[in-house]
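Peer 1: sequence and predicted structure are below.
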Amino acid sequence: VFVFGAFCRLAFRRRWTYRGTPVPFVHKYKYLGIWMTEDLKWDTHLEYVLKKAGNRSRSLTQLLTQKRLPPNIKLLVWLGQVRPLLEYGAEVWQADKKFTRRMESLQTQAGVIALGLNRHAKRNAVRVLMRCPSLQARWDIKRLKYAAKLLSMREERMLRRLTSTGGQQRPRSLSKTRRH
């Protein structure tokens, strides 16, 4: 059983069973590839993403250092293999400055290696040469697109009601009136 939020402590006092068998509590749970924790923080998920993206990026180092391949091909491979790991689920999770810096650094390192630049090159200069925006900008775009999708949902949809009212039901006086 995974319980999060304000009622977390109350839920631990209760015994949960399934067909008579006790179900153990867990403090973190991976759902659709995203780690959630009972304290509603994203550190566990972001560490997992950084580790996975770092491993994938290191596995591509030999390819990124090839002199015979054009830099644009090297960057396409990295952007297709690693960046999706850094962006998956960005609509729901939020990275603080520390994690954002670490993730941006991973992208910058790949650009430096693929383009054959000095490792002290400025992050913005590397991004310009890579012709790709910052991860933060891409995350923001994903969130805006998701917000637009939520707002275009029918009012009856539970997700729309929860996100548009902050989890509270609208008073009847504010809801749309039906015409008879």
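Peer 2: Nice, I can see it. Numbering: from 1, shown residues only.
Peer 1: what's the single longest helix in this structure?
Peer 2: The longest helix of the chain (DSSP state H) is helix 97-115.
Peer 1: now do stretch 63-72: distance from first to last residue.
Peer 2: Length of stretch 63-72, first residue to last, CA to CA, to the nearest Å: 12 Å.
Peer 1: check stretch 144-160 too.
Peer 2: 15 Å.
Peer 1: tell me the buried residues in it?
Peer 2: Using 16 or more other CB atoms under 10 Å as the test for burial, stretch 144-160 gives Arg160. C-betas here are computed from N, CA, C, even on glycine.
Peer 1: would you mind measuring from the most centrally placed residue in the chain to Thr100?
Peer 2: The centroid of the chain falls nearest to Ala90 when counting by CA atoms, centre = their mean (2.9 Å). The gap separating Ala90 from Thr100 is 11 Å, by CB to CB, to the nearest Å.
Peer 1: the chain: helices as residue ranges?
Peer 2: Using DSSP H, helices in the chain cover 8-13, 43-59, 61-64, 71-81, 83-87, 97-115, 123-130, 135-151, 158-164.
Peer 1: pLDDT of the third one, averaged?
Peer 2: For helix 61-64, mean pLDDT is 95.
Peer 1: same check on the longest one?
Peer 2: For helix 97-115, mean pLDDT is 95.
Peer 1: let me see the contact set for the nearest residue to Gln107 once chain neighbours are set aside.
Peer 2: Spatial nearest neighbour of Gln107, chain neighbours left out: Leu135 (6.1 Å); criterion: CB to CB, 6 or more residues apart in numbering. Neighbour list for Leu135: Arg83, Leu86, Glu87, Thr100, Met103, Glu104, Gln107 [criterion: CB atoms under 8 Å, 6 or more residues apart in numbering].
Peer 1: out of those residues, who's nearest Met130?
Peer 2: Using CB to CB, Gln107 is the member of the contacts of Leu135 that lies nearest Met130, at 7.8 Å.
Peer 1: and that closest one, how many neighbours?
Peer 2: Other residues within reach of Gln107 by the criterion other CB atoms under 10 Å amount to 24.
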